[in-house]
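1. A predicted structure for the sequence below; I have some questions about it.
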Amino acid sequence: MGSVDILDPPADDIAAFITARADELEAAAKAATPGPWTSGGGPYVGAKGHGIIVQARYVEDATHITLNDPDCALGLVRFMRAIADAVSEPAPAGVLGGHDDYGRGCADGAMSATRAAALWLAEIWDSHPDFKAAWKP
């Protein structure tokens, strides 16, 4: 991971960005045809009780769509919210000399890992207009 000041970017900014992406993903997953989705190795994606819901041009596209069904997306939303929550919790006094490095209440190593996870997660959306260059790990 690149060198980033432990106070920059602020944890609340990156947590808000991740939460906003989680909100978008959750809304799309809940609006989609319920899963589980299957492709059966062909270009069609189906959902139990709904028949074929997508005809992909290529088998690989159908496989990719199937692997990103609403249940999978909602699992990712739970993970995203857990990371955002972990970097948003207040740190106890004296952690890393008063700087929490996004670990917020964890041991130093866990803090760095939590902060790194938040930065890597945010980087998924590095082309999003709200993504900040300072978040690049």
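-> In hand now; what should we look at? Residues are numbered from 1 along each chain as shown.

2. Next one, pLDDT for residue 102 please.
-> The predicted structure scores residue 102 at 47 on the pLDDT scale.

3. how much space is there between residue 54 and residue 32?
-> 10 Å (Cβ to Cβ, to the nearest Å). For glycine as for every other residue, the C-beta is placed from the backbone atoms N, C-alpha and C.

4. brain fart, residue 75
-> Distance from residue 75 to residue 32, by Cβ to Cβ: 14 Å.

5. between these two, which one's more packed in?
-> Between residue 75 and residue 32, counting by other Cβ atoms under 10 Å, residue 32 is the more crowded of the two (15 against 11).

6. I'd guessed the more buried one sits against residue 68; true?
-> No: the criterion here is Cβ atoms under 8 Å, and residue 32 misses it with residue 68 at 9.7 Å.

7. Pull out the buried residues from stretch 34-54.
-> For stretch 34-54, burial by neighbour count (16 or more other Cβ atoms under 10 Å) applies to 35, 37, 39, 43, 44, 45, 46, 47, 54.

8. and the first one, what is it in contact with?
-> Residue 35 is in contact with 47, 48, 69, 70, 71, 72, counting by Cβ atoms under 8 Å, 6 or more residues apart in numbering.

9. secondary structure class for it?
-> Following DSSP: H, G, I helix; E, B strand; the rest coil, the label given to residue 35 is coil.

10. Then the last one?
-> Under the three-state scheme (three-state DSSP), the conformation of residue 54 reads as strand.

11. what's the spacing between the closest residue to residue 85 other than its chain neighbours and residue 123?
-> With Cβ to Cβ, 6 or more residues apart in numbering as the criterion, residue 85 has its nearest non-adjacent residue at 7.6 Å, and that residue is residue 15. Applying Cβ to Cβ, the value for residue 15 to residue 123 is 15 Å.

12. Show me where the chain has its strands.
-> 37-38, 44-47, 51-55 (DSSP state E).

13. Local confidence estimate at the residue nearest the centre of the chain?
-> The centre of the chain sits closest to residue 80, judged by Cα atoms, centre = their mean, with a distance of 4.1 Å. At residue 80, the pLDDT value in this model is 95.
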